[in-house]
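Undergrad: Return atomic coordinates for the entry below.
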Amino acid sequence: MAKIDRVRNIGIVAHIDAGKTTVTERFLYYSGKIHRHGEVHDGEAQMDWTEQERKRGITITAAATSFDWNKHDIHLIDTPGHVDFTIEVERSLRVLDGVVVVFCAVGGVQPQSETVWHQADKFAVPRLAFINELDRVGASFDGVVGEIAKRLGALPAPIQIPIGAEDSFRGVIDLIAMKAILFTGSIDDAPVVEDIPGDLAGPAGQARDKLIEILADADDEIAEKYLEGEEIGEKDLVAGLRRACIAVKLVPVLCGTALRNKGIQPLLDAVVSYLPSPADIPPAHGVDPRDPSIALTRAPRDKEPLAVLAFKVAMDEGRKMVFLRVFSGVLKPGMDVRNVRTGKNERVARLFVLHANKRKRIDAAGAGTIVAATGLKLTTTGDTLTSADKPIMLERIDTYEPVISSAIEAQTNAEREKLEFALGKLSEEDPTFQVREDEDTGQTLISGMGELHLEVVVDRIEKEYGVVPVVGKPQVVYRETIKSQNQATAEFERELKDESIYGKATCRVSPRDRGTGIEIRAELPDEPPVAEAIVDASLHGLRDAAQAGPDGYPLEDIEVVLTGLEYRVEAKPVVGVRPAAAEAFRRAVSSAAPVRLEPIMDVEVTVPEEFLGAIIGDLNQRQGQINDVDVRSGKRIVQARVGLRNMFGYSTRLRSLSEGRATFSMQFASYGTLDD
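TA: Model prediction:
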């Protein structure tokens with residue numbers, strides 16, 4: 001095991017097609033991990049190893065690998081860029097110490113770039129920015145730096161500036177060492193470091209002065225030297241940038257073009273220089289599962305009590321593989337660990353370090369490492385594994401609610417069990433993929449984050465489990481809420497054999513702000529006092545009824561208040577008040593202006609000027625709300641909000657309207673109506 005200060009746990013994140021998997025492939029090649037490079041567009045990238053990824057030329061599942069660079073042990077996760085698989089980014093960021101965010105020099109800050117950036121904000125993950133594809137027509141280094149500041153609210157600190165642009169891009173000026181780094185474009189040629197050309201000395205000096213000003217705003221030690229007029233040398237800049245980057249006060253910015261083998265080695269050097277080791281980040285925070293009011297921490301040391309977070313589950317040749325981040329302690333094969341969620345012990349059978357779909361057995365995993373384990377049959381995404389005598393519950397990983405569903409069934413009775421088995425395994429892997437039975441029709445419904453998500457699931461069922469299912473057309477997953485306040489009362493009375501059951505309840509329902517969820521509570525008069533068991537039974541009835549609205553869709557953003565109870569002590573009141581409260585709720589909601597909510601999507605279309613009118617007209621026909629029309633790299637950017645039900649088949653229509661020259665991205669914004 002490498003010393004903890006020489007470990008880097010990093011991720012590569014980006015909008016789809018920004019080039020992050022190519023960056024990862026070059027990392028592996030230059031570090032000596034692989035000896036031939038594959039290209040994403042040829043379906044030969046090492047990290048895009050699943051059949052679905054190679055067929056589509058995109059990353060679908062987060063792939064882990066590790067390699068050495070400059071005597072440092074780097075654990076890397078290459079994450080998807082498509083919004084349908086954003087859970088892969090979320091759960092990866094939860095366990096990473098640093099991130100390289102790849103931006104396209106032409107596209108700039110694109111929608112999924114914003115999404116992953118704000119996901120990193122949530123976990124306060126330090127970042128490097130790499131502006132890629134500077135050799136493309138329309139590339140703009142300064143433009144993307146400006147967008148990082150404007151659209152992401154970040155403080156970008158360029159530590160390089162490009163030499164040349166578009167097809168004349170040939171290298172970078174290192175503003176730390178004040179040297180020119182030139183690249184031939186051949187993958188096997190080392191970078192050439194030389195003095196800065198005379199015509200670039202002036203711009204380079206100005207850029208370095210600007211870097212020092214930015215750093216002085218973010219780091220006290222540099223600020224002190226800057227204000228006192230002291231010389232700030234190369235070591236000072238590196239130390240100051242590292243402190244400010246780890247504190248998430250600024251983002252060092254580098255540039256290059258991964259496909260043309262330019263800028264990768266300096267980016268690897270920056271990963272080592274500026275992103276934190278596990279020892280540089282705050283201790284892991286959690287609570288005592290026996291008393292959640294007690295806060296606990298675990299420092300990243302091998303001698304601390306064990307604290308491990310399961311952040312991903314995958315099926316490997318039919319066997320369950322659990323991806324783990326060891327925050328403290330040492331994990332070994334054969335150990336018994338306590339699953340805090342279940343309260344049960346599980347045994348770690350084997351431990352592995354991974355390289356895409358290849359794995360290597362190891363004898364131990366110390367603090368700060370990312371590994372995979374077999375044998376953990378009950379463990380799911382977000383579970384904490386710890387020692388039985390000193391347990392801690394780490395913060396779980398947020399999941400996302402599906403927005404689209406399809407009916408699915410086997411073609412024969414013989415295949416039904418195989419399909420049920422496959423669906424069970426896939427839903428265990430992916431928290432955003434859900435399976436349920438429709439109570440009215442008896443159909444099996446699968447739900448996910450988008451059309452591509454469900455398409456990939458069906459592909460996997462066919463290829464990995466040998467079942468060719470019948471799949472219905474995608475349907476939108478709706479929600480319900482109410483628009484006004486209302487109160488209702490219901491009475492429940494039954495005679496069963498020699499026993500009477502009676503209960504009467506009154507409840508009030510009110511709308512809440514969008515996205516705030518459901519709140520259920522009791523506000524009963526002090527007199528006469530009501531037994532706690534009767535109140536609990538009533539609230540249970542309200543919770544049962546609040547699962548669905550009048551149209552059968554899940555309810556959200558409602559306040560439910562139990563305001564009155566009547567019962568007879570001799571007539572089983574605990575049994576009687578529960579159905580009474582449930583019926584009172586249903587009556588109150590039915591008369592409180594119930595309304596159906598649909599998934600509203602943020603849509604961004606990049607289109608040449610001559611097709612702009614047709615694109616806006618089509619979005620208006622889809623009842624879209626146009627929020628902005630901007631210009632970026634000579635193309636028009638249309639930002640709109642559209643109901644998901646109106647976006648089915650949009651990619652085909654967009655190609656038709658723009659002669660195949662427009663592109664779009666779409667991501668879930670919220671549940672609601674376009675009038676909200």
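Undergrad: So which residues of the stretch 451-600 of the chain form helices?
TA: In the stretch 451-600 of the chain, helices defined by DSSP state H, counting those that start in this stretch lie at 451-465, 532-545, 573-590, listed in chain order.
Undergrad: can you list contacts of stretch 665-676?
TA: Contacts of stretch 665-676 from elsewhere in the structure, counted by C-beta atoms under 8 Å, 6 or more residues apart in numbering, are 15-16, 83, 86, 110-112, 115, 400, 403, 449-450, 479, 514-515, 556, 595, 597-604, 623-625, 641-644, 647, 650. Any C-beta I mention is one placed from the backbone N, CA and C, and that applies to glycine too.
Undergrad: can we see that at 7 Å?
TA: Residues outside stretch 665-676 that contact it (C-beta atoms under 7 Å, 6 or more residues apart in numbering) are 83, 110-112, 115, 403, 479, 514-515, 556, 597-604, 623, 625, 641, 643, 647.
Undergrad: Number of residues surrounding the nearest residue to Leu275 once chain neighbours are set aside?
TA: What sits nearest to Leu275 in space, not counting adjacent residues and going by C-beta to C-beta, 6 or more residues apart in numbering, is Gly98, at 3.2 Å. The local packing of Gly98 (other C-beta atoms under 10 Å) involves 23 other residues.
Undergrad: Is Gly98 bridged to anything, and to what?
TA: With DSSP bridges applied, Gly98 shows beta-bridge pairing to Ile10.
Undergrad: for the one 5 residues further on, same thing?
TA: With DSSP bridges as the criterion, the beta-bridge partners of Phe103 are Ile131.
Undergrad: Quick check: it vs Asn261, distance?
TA: Note on Phe103: its distance to Asn261, by C-beta to C-beta, to the nearest Å, is 19 Å.
Undergrad: do Gln625 as well
TA: 44 Å.
Undergrad: Same check on Gly382?
TA: Plainly put, Gly382 is 39 Å away from Asn261 if you go by C-beta to C-beta.
Undergrad: if we can go back for a sec, mind checking which of Phe103 and Asn261 has more residues around it?
TA: The residue with more neighbours, out of Phe103 and Asn261 and counting by other C-beta under 10 Å, is Phe103; that gives 29 against 22.
Undergrad: just checking, the more buried one touches Leu128?
TA: No: counting by C-beta atoms under 7 Å, Phe103 does not reach Leu128; the two are 11.1 Å apart.
Undergrad: Pick out the residue closest to the middle of the protein.
TA: Closest residue to the average C-alpha location of the chain: Glu90 at 2.5 Å, with C-alpha atoms, centre = their mean.
Undergrad: for that residue, phi and psi?
TA: Main-chain dihedrals, Glu90, degrees, to the nearest 10: phi -60, psi -50.
Undergrad: Wait, it touches Ile397, no?
TA: Yes: taking C-beta under 7 Å as the definition, Glu90 is a contact partner of Ile397 at 6.5 Å.
Undergrad: Quick one: the strands in the stretch 1-150 of the chain, in order.
TA: In the stretch 1-150 of the chain, the strands defined using DSSP state E, counting those that start in this stretch lie at 7-14, 63-69, 72-78, 98-104, 127-132.
Undergrad: Now distance to Glu417 and mean pLDDT too, for these, in TSV please.
TA: Formatted as TSV, the entries for those read as follows, by distance: least, C-beta to C-beta, whole Å; pLDDT from 0 to 100:
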stretch	distance to Glu417	mean pLDDT
strand 7-14	38	89
strand 63-69	31	84
strand 72-78	35	87
strand 98-104	42	93
strand 127-132	47	96
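Undergrad: The ones you listed: which one's closest to Ala414?
TA: For Ala414, the closest of these is strand 63-69, at 34.6 Å, according to C-beta to C-beta.
Undergrad: The closest one pairs with which strands?
TA: In the sheet, strand 63-69 lines up against strand 72-78 (antiparallel) (DSSP bridges).
Undergrad: Contacts for the strand it pairs with, please.
TA: Counting contacts by C-beta under 7 Å, 6+ apart, the residues touching strand 72-78 from outside are 2, 6-12, 20-21, 24, 27, 47, 59, 62-67, 92, 96, 271-272, 369-370.
Undergrad: got the CA positions of that strand in CSV?
TA: Extracted in CSV, the C-alpha atoms of strand 72-78 (Å, rounded to 0.1, in the frame of the first residue of the first chain):
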residue,chain,number,x,y,z
HIS,A,72,2.2,8.7,-6.8
ASP,A,73,-0.6,6.0,-6.7
ILE,A,74,-3.6,7.4,-8.6
HIS,A,75,-7.0,5.8,-8.4
LEU,A,76,-9.3,7.1,-11.1
ILE,A,77,-13.0,6.8,-12.0
ASP,A,78,-14.1,7.7,-15.5
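Undergrad: What angle do strand 7-14 and that strand make with each other?
TA: 30 degrees (axes from the mean of the first three to the mean of the last three C-alpha atoms, to 10 degrees).
Undergrad: what angle separates strand 72-78 from strand 98-104?
TA: An angle of 50 degrees separates the directions of strand 72-78 and strand 98-104 when computed by the same axes, to 10 degrees.
Undergrad: contacting residues around stretch 222-240?
TA: Among residues not part of stretch 222-240, those counted as contacts by C-beta under 7 Å, 6+ apart are 176-177, 212, 215-216, 219, 221, 273.
Undergrad: Pull out the buried positions in it.
TA: Using 16 or more other C-beta atoms under 10 Å as the burial criterion, the residues of stretch 222-240 that qualify are 222-223, 225-226, 232, 236-238, 240.
Undergrad: Quick one: neighbours of Gly472, just the number.
TA: For Gly472, the tally of surrounding residues (other C-beta under 10 Å) stands at 13.
Undergrad: where does this protein dip in pLDDT?
TA: 1-2, 36-62, 80-86, 317-318, 355-357, 439-441, 633, 674-676 (pLDDT under 70).
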